[in-house]
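Q: got a sequence here, can you build the structure:
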Amino acid sequence: MNAGDWIKKGQLLGSITDPFGESDFKVTAPSSGFVVSVNRMPVVNMGDAIIHVARKSGGQPVGD
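A: A predicted model of the protein is given here:
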């Protein structure tokens, strides 16, 4: 997934695992829109942005 890609609401974007591979959290798109940026860091913390999605002005999803 790269900046400029179109994603749909509910689309699987990736997963977050613990260092031991014991937990696996699936990350899905909260809305449809265009990917603005992707965090490619190998380690993320709670609250870190992973993917920024551009939506239509006024908070309405683009092309749901």
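Q: where does the protein dip in pLDDT?
A: Scanning the chain for pLDDT under 70 picks out 57-64.
Q: what separation do you get for the most centrally placed residue in the chain and residue 43?
A: Geometric centre of the chain, nearest residue: residue 51, 4.0 Å, by CA atoms, centre = their mean. Distance, residue 51 to residue 43, by CB to CB, to the nearest Å: 16 Å. (Each C-beta comes from the backbone N, C-alpha and C, glycine too.)
Q: do the same with residue 11
A: Taken as CB to CB, the span from residue 11 to residue 43 is 24 Å.
Q: who has more neighbours out of those two?
A: Comparing residue 11 with residue 43 by other CB atoms under 10 Å, the one with more neighbours is residue 11, at 12 against 7.
Q: and the more buried one, what does it touch?
A: Applying CB atoms under 8 Å, 6 or more residues apart in numbering to residue 11 gives the contacts 28-29.
Q: give me the neighbour count for the closest residue to residue 35 other than its chain neighbours.
A: Using CB to CB, 6 or more residues apart in numbering and skipping residues adjacent in sequence, the residue nearest residue 35 is residue 5, 4.6 Å away. Applying other CB under 10 Å, we find 12 residues neighbouring residue 5.
Q: was I right to think residue 5 contacts residue 33?
A: No - counting by CB atoms under 8 Å, residue 5 stays clear of residue 33, with 9.9 Å between them.
Q: quick check: neighbours shared by those two?
A: When CB under 8 Å, 6+ apart defines a contact, no residue borders residue 5 and residue 33 alike.
Q: and the strands in the protein, which stretches?
A: For the chain, the strands defined by DSSP state E cover 6-7, 12-17, 24-28, 33-38, 51-54.
Q: list the buried residues in the last one.
A: The reference is to strand 51-54. Buried residues in strand 51-54, defined by neighbour count with 16 or more other CB atoms under 10 Å: 51, 53.
Q: what are the contacting residues of that strand?
A: For strand 51-54, contacts defined as CB under 8 Å, 6+ apart pick out 1, 7, 13, 27, 29-31, 33-39, 62.
Q: ditto for the second one
A: With CB under 8 Å, 6+ apart as the contact definition, strand 12-17 has outside contacts at 1, 7, 23-29, 44, 50-51.
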